[in-house]
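1. Structure of the sequence below:
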Amino acid sequence: MYSEIPTSSIVATTLRTGLRHLKTAWLFTKSDFKTVILPVMVFTNIVSPRHSPLALSRSLSWLWLHLFQCNVSNQSYTTHEDLLNKPWRPLPSGRISVENSRALRWGLMVFCLGFSSFFSFNVLVTSVVFTILVIVHDDFGLSRHPICKNLLNVGAYVSFELGSTLVMSDEPSLDKTSMTALLCSALVILVTIHVQDFQDVDGDRMIGRRTLPIVAPEGSRIYVLCMLPLVSFALASFWSLGPLCSVLFILMGIVVGIRCFLVRDEIGDRSNYWMYNIWLMGAHLLPANARFCVLAW
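-> Predicted coordinates:
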């Protein structure tokens with residue numbers, strides 16, 4: 001006769017399985033909390049005319065789900081690179097197979113589109129556009145081309161910001177200040193996103209990806225050294241910051257630019273990318289001066 005399995009054992013097994021799946025989902029998105037979640041949510045809270053705990057939770061959920069979809073898709077194609085750069089991720093660490101991750105990716109795509117449909121038509125369109133960008137980036141292999149890779153990254157980043165802002169504001173479209181901030185964000189990402197590639201040069205070279213630091217090792221450092229202070233000055237002027245805020249923000253851009261030029265080892269490049277993301281969050285705070293005039297000193 002078969003012995004009856006205790007209910008407590010079933011519950012414990014189910015709980016362990018659920019916690020394992022949650023940890024796997026966390027590991028897929030772990031490295032992008034500082035690069036996507038924090039900067040985008042700072043941007044969203046600054047430019048959105050509506051603020052409430054419920055709106056914030058909806059916006060954060062929309063953002064994380066789309067980031068999860070993007071990362072599962074992307075990482076299913078970069079296992080060899082992640083073995084070198086990020087061996088703790090679910091695929092190189094053996095928590096999930098490539099086949100299962102790609103099946104999960106398509107399931108997440110359907111779920112994200114369905115979730116977006118509960119909001120506005122523009123949120124659904126944003127989700128559709130984001131999904132197309134992910135497919136073109138990963139399945140069509142355009143991530144290997146330096147210019148296409150950066151353009152697609154900008155498109156995905158702007159989609160994150162647009163979708164999360166629309167969800168939080170609960171409006172069918174964005175107002176003028178929000179649209180201006182979104183355009184500025186897109187331009188900032190376009191001309192400075194190369195900083196993220198310095199830390200991944202070895203892995204990118206191994207899979208044949210051509211990023212700016214690989215194509216122009218010295219020129220890319222000089223480019224960042226010049227571009228970050230210039231962009232900082234342009235943003236401070238555009239958003240009419242006060243003298244002290246302008247000096248602090250421009251100084252931050254100068255420091256990050258100098259570090260990217262002088263500190264070139266792997267650990268240093270990771271630290272540089274952390275500092276770049278702090279600067280990027282600062283850039284996303286600047287539209288607050290148009291909303292609330294809080295940076296005029």
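2. any idea how far the residue nearest to Ser61 when sequence neighbours are not counted is from Leu60?
-> For Ser61, ignoring the flanking residues on the chain, the nearest one in space by C-beta to C-beta, 6 or more residues apart in numbering is Phe115 at 7.8 Å. Heads up, the C-betas are built off the backbone N, CA and C, glycines and all. Distance, Phe115 to Leu60, by C-beta to C-beta, to the nearest Å: 13 Å.
3. Check Val158 too.
-> Separation of Val158 from Leu60 (C-beta to C-beta) stands at 18 Å.
4. who has more neighbours, the two?
-> Set Val158 next to Leu60 and count neighbours by other C-beta atoms under 10 Å: Val158 wins out with 21 against 17.
5. What score does the residue nearest the centre of the chain have for pLDDT?
-> Geometric centre of the chain, nearest residue: Val36, 2.8 Å, by C-alpha atoms, centre = their mean. Looking at Val36, its pLDDT is 91.
6. which stretches of the stretch 1-150 of the chain form helices?
-> Assigned by DSSP state H, counting those that start in this stretch, the stretch 1-150 of the chain shows helices spanning 7-29, 38-47, 53-75, 79-85, 98-116, 121-138, 146-169.
7. now the angle between helix 98-116 and the first one, please.
-> Spelled out, it's helix 7-29. 90 degrees (axes from the mean of the first three to the mean of the last three C-alpha atoms, to 10 degrees).
8. who does the stretch of helix or strand Asp269 belongs to touch, helix- and strand-wise?
-> Assigned by DSSP states H and E, Asp269 belongs to helix 266-285. Contacts defined by 3 or more C-beta pairs under 8 Å, 6 or more residues apart in numbering; DSSP states H and E place helix 266-285 against helix 38-47, helix 176-192, helix 217-238, helix 243-262.
9. Tell me which of those helices sits most buried.
-> helix 38-47 (a mean of 22; mean count of other C-beta atoms under 10 Å).
10. roughly how far out does that one sit from the chain middle?
-> Relative to its chain's centre, helix 38-47 lies at 12 Å (C-alpha atoms, centre = their mean, to the nearest Å).
11. Can you spell out which helices and strands pack onto that helix?
-> helix 53-75, helix 146-169, helix 176-192, helix 266-285, helix 288-292.
12. pLDDT (mean, whole number) over the longest one?
-> The one in question is helix 146-169. Averaged across helix 146-169, the pLDDT comes to 90.
13. closest one to His21 among the helices and strands packed on helix 266-285?
-> Of all the helices and strands packed on helix 266-285, helix 38-47 sits nearest to His21, with 24.2 Å by C-beta to C-beta.
14. just the angle between that closest one and helix 176-192, please?
-> Using the same axes, to 10 degrees, helix 38-47 lies at 160 degrees relative to helix 176-192.
15. CA atoms only: put helix 38-47 into CSV for me.
-> Output of helix 38-47 as CSV, limited to C-alpha atoms (Å, rounded to 0.1, in the frame of the first residue of the first chain):
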residue,chain,number,x,y,z
LEU,A,38,16.2,53.0,-9.7
PRO,A,39,16.9,55.6,-12.5
VAL,A,40,13.6,54.9,-14.2
MET,A,41,11.5,55.1,-11.0
VAL,A,42,13.3,58.3,-10.1
PHE,A,43,12.3,59.7,-13.5
THR,A,44,8.8,58.4,-13.2
ASN,A,45,8.2,59.9,-9.8
ILE,A,46,9.6,63.3,-10.9
VAL,A,47,7.7,63.7,-14.1
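16. how many degrees apart are it and helix 146-169 in direction?
-> 50 degrees.
17. Contacts for helix 38-47, please.
-> Under the criterion C-beta atoms under 8 Å, 6 or more residues apart in numbering, residues 51, 56, 59-60, 63, 157, 160-161, 164-165, 168, 174, 177-178, 181-182, 185, 277, 280-281, 284-285, 287-288, 291 lie in contact with helix 38-47.
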